[in-house]
Each structure stands twice: as C-alpha cells, then as structure tokens.
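> Predicted model, plus sequence, below.
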Amino acid sequence: MIDLERPPRRPAAWHGVLRQLDCPLGDEPWTGVWRRAAAQIADGRGDAVAFLEEHLGLDAGAAPWAARSTIVLEVHAAWAGALPTITAPARADFERLVQSQAALRGGRRPRVPPTLGALLVTGLGRRRSADASDRSSDAARAADERLVLLSEGPYAGVLPPGRDPEPWRRTSWSLRLEHEAAHALFRRVFGRTPRRLLDEVLADWVALLRVEGAYDPDLAKQLLGVEAEAPDGGRLEVYLGAFRAAPARRDALGLDAGRLPSPAVAARACRRAIDCLAGLPPPGDEAALARRFCELSLKRLETFAV
C-alpha cells in the first residue's frame, strides 16, 4: 500500500509506487460520522441540511429551500474510500449549497454556471480544527474531510443525440459521482486538489468507462465542450474562466502563468488527449483502471501521448 503520508517527491518515482496501489483504499476515520448521519436521516431523524448546519457550521440563510425534503445524504463506496454525497434534485437548492460551502470556507458566494452539476468539496474539517486549536495528526487528517455535492439534470447541460432524457438524467448522476470520485482518489494519492484541464479529461474518461462500460471520444468531447474548433460555452469555458480569475491556477496546459491558452488552443489539446485515451486498451479490472488513471495524471496535457 502507498504510504500516503510520505509521497515521493520526484514525479518519476511515482510510477513504481503506483504499481502498489490497491483500490479501493480503506475508509478514513472521519467517514464514520457521515455514515451515522446517513443512517439516522434514513430512519427519519433529521435531514441533510440540518446535519450540514450542525456538523460543518453551514449557513445557507433563512430563505426557504426549493425542495429541502428531497435533499439526500448518502455515503458511497469509492476508490478513495467511503465518499459522502449530498444530492439536491432542485437546481436552486444545489446552487445554494455550492454558494454556502464557498462562504463557509471564507470565500464569496459565487455564481454557479449552468454546466456545473457536481463539486468535490475538500478540507471540511479545517475550520473545526482551527477553532479547536487542535494540531494533532488525527485532527490534520480529519481536516481533509471530503464531500461531493451532486445535482440532477443532464451532464454538463448536454443531451447527446439519440439519448432519451430520463435515462440520460439517471446516467448523468452516475457520471457526476464517478467523475468526482476520480478527483477524490487523485487528492488522496497525490495530496492536492486536481486543478488542470487534463484532470477533467481523465475524470470524464474514468466516469464513462465505469458507467457506460466504454469510452466514446465523440461523447467525451461533447460533454467537455471541445467538439467544435472554436468552442463557445460549455465546461471548457468555465474552467478557463477559473484560470483567468486565479493566476495561481493558470498552469492549465503546463504553460507559464503569463500564457493562458486561448479556448481554441485548449480545446485542441483536450481533443488530442481524448483521442489518445480512446486508443488505450480497456484496463483489465477496476484496480488496473485506478492505477492507469493515476499514472496518466502525471502527464502534461500539452504533450499528452500514450
């Protein structure tokens, strides 16, 4: 098993270490409280919003929710261990949760783009550890509590040709969960949040393989919003907007911070990576897929080749 507390410093050393990766990873101690909460809510004792307010200190304001009773807390078995999720079927409620968690973490309440349907929230226990002035190793691990916020509706706001809306809505929820679970595995293995365009391409690759059973490059390009030579809207535009707003995150293509790629350049790099992924033989099992995902995460998008 990888010693996640002492990861290798040199990228080349990761390849040997990743061969030891055996997924799913074990559950982390902080997941216990989420399991107990999910069981209590399923028994009719409390609801998901009340738990978030009590456990995290979430302040979503006094305005009524669109459909509070439909918001569901679950804990899913994922590659990175148990992964708590909150599903808000009403779009207004999902956006409110996204904005409230941003405010909880000290940021502004952001505008939520229509293509955003899921979010991996990390470091949830950091505020509690700081408030308690607890600097123990157990507190540090608990500070990295993770939660996935999920919405319903078409993945990336896209209804692919030939897909019926209702089955695609259900598929979209599963795609979102698997996409964010891949991000959670990246964070647990590499110790940081994935923030590159390549990470989004790879998370979609994993999600499509696990949910659809095959990787359709045309569908992958459509879902990312890079199928056109000159992309207009879609998830790619959202990611590039985040890079523009945060100079520290401008290494989107492995370029220096002063060279933010144009949408056309970024889309071209993403299409090339997607075509390369489509040429890979299917991994033999889920553990092999997890190892391959982590190995590919060491690459740079602008030189992607497999």
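Perfect, I can see it now. Here the structure is a predicted model, which means the values were calculated and not measured.
> Can you give me the neighbour number for the residue lying closest to Leu56 once chain neighbours are set aside?
Spatially, and ignoring its direct neighbours in sequence, Leu56 is nearest to Leu124 (5.9 Å; C-beta to C-beta, 6 or more residues apart in numbering). Every residue, glycine included, has its C-beta placed from N, CA and C. By other C-beta atoms under 10 Å, 23 other residues sit near Leu124.
> centroid residue for the chain?
Glu180 (2.8 Å; C-alpha atoms, centre = their mean).
> Surely that one touches Leu120?
Yes. Contact criterion C-beta atoms under 8 Å: Glu180 and Leu120 qualify, at 4.6 Å.
> Now do the shared contacts for the two.
Any residue near both Glu180 and Leu120 by C-beta atoms under 8 Å, 6 or more residues apart in numbering counts here, and that gives Val148.
> where does the residue nearest to Leu56 land in three-state SS?
In three-state terms, and counting by DSSP: H, G, I helix; E, B strand; the rest coil, Leu124 is coil.
> so what's it up against?
The contact partners of Leu124, taken as C-beta under 8 Å, 6+ apart, are 56, 143, 145-147.
> Restricted to helices, list the residues you listed.
If you go by DSSP state H, the contacts of Leu124 have Leu56 in helices.
> Most neighbours among the contacts of Leu124, which one is it?
Top of the contacts of Leu124 by neighbour number is Arg146, holding 27 neighbours under the definition other C-beta under 10 Å.
> Could you check the pLDDT of that residue?
According to the prediction, Arg146 has pLDDT 92.
> Also Ala13?
We have a pLDDT of 67 for Ala13.
> Next: Asp164.
Predicted confidence (pLDDT) for Asp164: 97.
> all strands for the stretch 101-250 of the chain, in order.
118-121, 147-151 (DSSP state E, counting those that start in this stretch).
> circling back: how close does the residue nearest to the centre of the chain sit to Glu54?
24 Å (C-beta to C-beta, to the nearest Å).
> In this protein, where's the longest helix?
Assigned via DSSP H, the chain shows its longest helix as helix 165-190.
> buried stuff in that helix?
168-169, 171-173, 175-189 (16 or more other C-beta atoms under 10 Å).
> Leu280 - that's part of a helix, no?
No. Assignment of Leu280 by three-state DSSP gives coil, placing it outside any helix.
> Which pLDDT does the model give it?
For Leu280, pLDDT reads 92.
> can you count the residues close to it?
Using other C-beta under 10 Å: Leu280 sits among 13 other residues.
> Could you do Gln40 as well?
14.
> Check what pLDDT it gets.
pLDDT, read off for Gln40, is 96.
> Offset the numbering so it begins at 41, please.
With the count now opening at 41, the last piece we talked about shows up as Gln80.
> Strand 187-191 and the longest helix of the chain, what's the angle between them?
Counting by axes from the mean of the first three to the mean of the last three C-alpha atoms, to 10 degrees, helix 205-230 lies at 160 degrees to strand 187-191.
> circling back to that earlier point, can you tell me which of the contacts of Leu164 lies nearest to Ala102?
Leu96 (17.5 Å; C-beta to C-beta).
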